[in-house]
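Participant: sequence? don't have it. structure:
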């Protein structure tokens, strides 16, 4: 455990037996960025977060965060002494206090010293200054969640645990909160553990991903690398795809398009107004990528990239195959029928042209 | 309409009810808290014991207390060894008996209020670095304030209305243990119906007011 740089990593090993459920994980997580804890409902995501927070007293194991041991075989730091912020799935604001009172509740009990973020910054970051004098019952669902996130940050935590903060909100509310979450990710120096069952949220926010299934961590690693794996042991169905980092390189104003550049090539997409030079993420779903031997000239598809097949695997339906290709170092997935794969003689090492039908700029 | 001994009985009644309510707040709160949180199998047994005074005839309760507080009883030998003397026929004895007699009226509204808060606000408080004691006073008490008010009012009113236990434990000693309910009994025994009407009317008005207040605070008695 004395790997250089391990001081700031998060080591979490938990064992918790419940009737009909066993959580058994041993994780080594980076000490920065957004770590998505992904899995279907009932996979143990919330339980893992509760164990980390010290809310599950019966959980045995070991937890160290930022070089401090919070739990091991002969030590169990109670929840109120762990330097963490926790955002529950329901906003759970104190109904007897105003928004300001809710924030001050945490502020008064905050750990002193080394404050990563001031109250004013928190209020500003989440855009809640107009809400301060309001009562929780008078807030909309989205506003309540923003206050809950702000409140979790008032205690000056060393890690922020978020349990599906967008679950139970409608699409419009999600779109309202997501930009705030991105700001948190970009401006906070502390790691954020983000529980979610939504591939969209994970693709947009996460830097690192842990996939839970049946109480066990089945896969974990940096987001881009992990999503490009063909052996991801979880069914993502239509959501299979890669997320790659890119920079906005050009704009074609007459046609309302912008170009995202990455090492493997250039991708044109609808102009979302991002400035030139902006670092962004591009999500390419496997179902939107088709393959051909030759470069197609007479096609409506704008984005054509040369690549080399690196692997092929069965997909969720017997008719389908997932093909991983390498575009100058960037892995991209394509979903094709097995008949096409056979007709095109797709084997590792084979050069192909990618036709990318749709590209989503996220963040 | 009310003579001096009536007023003295009322004063003593109010004093007894006030002291009892304060003691009950201190004793009943931890019991109600424990009952609302525990998953121990003997929770229902403790709950039943706490509720017993609700169903027992006051004379039964008074009889056991009298024996226990007497010179040969456990409580009696305890108070004697502490140099407190014997409790029966004293104001302190009445307080002890009233606390036991009114216990369910404090514990049940509090327990309901605590249960309806649920575990979540306390977990939130813990993740905001509030210790258990801190979160009890900063979260539970404000959220359960209606339960506290209801419990206090009901305990006060119930103590004002007790008769059987007082008669068994306290007897009928003017200025010491003769409370309003006993005074009414005295009036009736002495065929002083006019005096009995005055005091009984006062008690009736008081009880009505108490229930009015409780129902206004707490329309459906949910304890929240």
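Facilitator: That came through, no problem. All values reported here derive from a predicted model rather than from experimental measurement. Numbering: from 1, shown residues only, chains lettered A, B, ... in the order given.

Participant: report pLDDT for residue A:322.
Facilitator: Residue A:322 carries a pLDDT value of 93.

Participant: residue A:115 too?
Facilitator: 67.

Participant: next: the one 10 residues further on.
Facilitator: Here the pLDDT value assigned to residue A:125 is 86.

Participant: likewise for residue B:223?
Facilitator: 39.

Participant: under the pLDDT cut-off, which ranges of chain B? List them.
Facilitator: B:1, B:219-224 (pLDDT under 70).

Participant: now do the helices in it.
Facilitator: Along chain B, counting by DSSP state H, helices occupy B:4-37, B:43-55, B:58-69, B:74-81, B:91-117, B:120-127, B:132-135, B:141-143, B:145-160, B:164-169, B:180-189, B:193-217.

Participant: now the longest helix along chain A: mean pLDDT?
Facilitator: In chain A, taking DSSP H as the definition, the longest helix is helix A:171-187. When pLDDT is averaged over helix A:171-187, the result is 85.

Participant: next SSE after that helix?
Facilitator: strand A:192-196 (DSSP states H and E).

Participant: quick one: is that next one near chain B?
Facilitator: No - judged by CB under 8 Å from any CB of the partner chain, strand A:192-196 makes no contact with chain B; its nearest approach is 13.0 Å. C-beta here means a position set from N, CA and C on the backbone, and glycine is covered the same way.

Participant: and that strand, what does it pack onto?
Facilitator: strand A:34-38, helix A:45-53, strand A:159-163, helix A:199-205 (3 or more CB pairs under 8 Å, 6 or more residues apart in numbering or on different chains; DSSP states H and E).

Participant: now with 6 Å?
Facilitator: Contact here means 3 or more CB pairs under 6 Å, 6 or more residues apart in numbering or on different chains; DSSP states H and E; on that basis strand A:192-196 packs against strand A:34-38, strand A:159-163.

Participant: and it, which strands flank it?
Facilitator: strand A:34-38 (parallel), strand A:159-163 (parallel) (DSSP bridges).

Participant: make a markdown table out of those and add mean pLDDT and mean neighbour count.
Facilitator: Shown next, in a markdown table, are the strands paired with strand A:192-196 (pLDDT from 0 to 100; neighbours: other CB atoms under 10 Å in any protein chain shown):
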| stretch | mean pLDDT | mean neighbour count |
| --- | --- | --- |
| strand A:34-38 | 94 | 28 |
| strand A:159-163 | 94 | 23 |
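
Participant: re earlier: got the angle between the longest helix of chain A and strand A:192-196?
Facilitator: 160 degrees (axes from the mean of the first three to the mean of the last three CA atoms, to 10 degrees).

Participant: and the residue nearest the centre of chain B, what is it in contact with?
Facilitator: By CA atoms, centre = their mean, chain B has its centre lying nearest to residue B:102, at 3.2 Å. By CB atoms under 6 Å, 6 or more residues apart in numbering or on different chains, the residues touching residue B:102 are B:155, B:158-159.

Participant: and chain A, which of those reach it?
Facilitator: Among the contacts of residue B:102, no residue lies close to chain A (CB under 6 Å from any CB of the partner chain).

Participant: quick one: closest of the strands paired with strand A:192-196 to residue A:301.
Facilitator: With distances scored as CB to CB, the stretch of the strands paired with strand A:192-196 nearest to residue A:301 is strand A:34-38 (30.6 Å).

Participant: what angle separates the closest one from helix A:45-53?
Facilitator: Using the same axes, to 10 degrees: strand A:34-38 against helix A:45-53 is 130 degrees.

Participant: and strand A:34-38, how far out from the chain's middle?
Facilitator: Computed by CA atoms, centre = their mean, to the nearest Å, the chain-centroid distance of strand A:34-38 equals 5 Å.

Participant: what's the answer for stretch A:298-317, then?
Facilitator: 25 Å.
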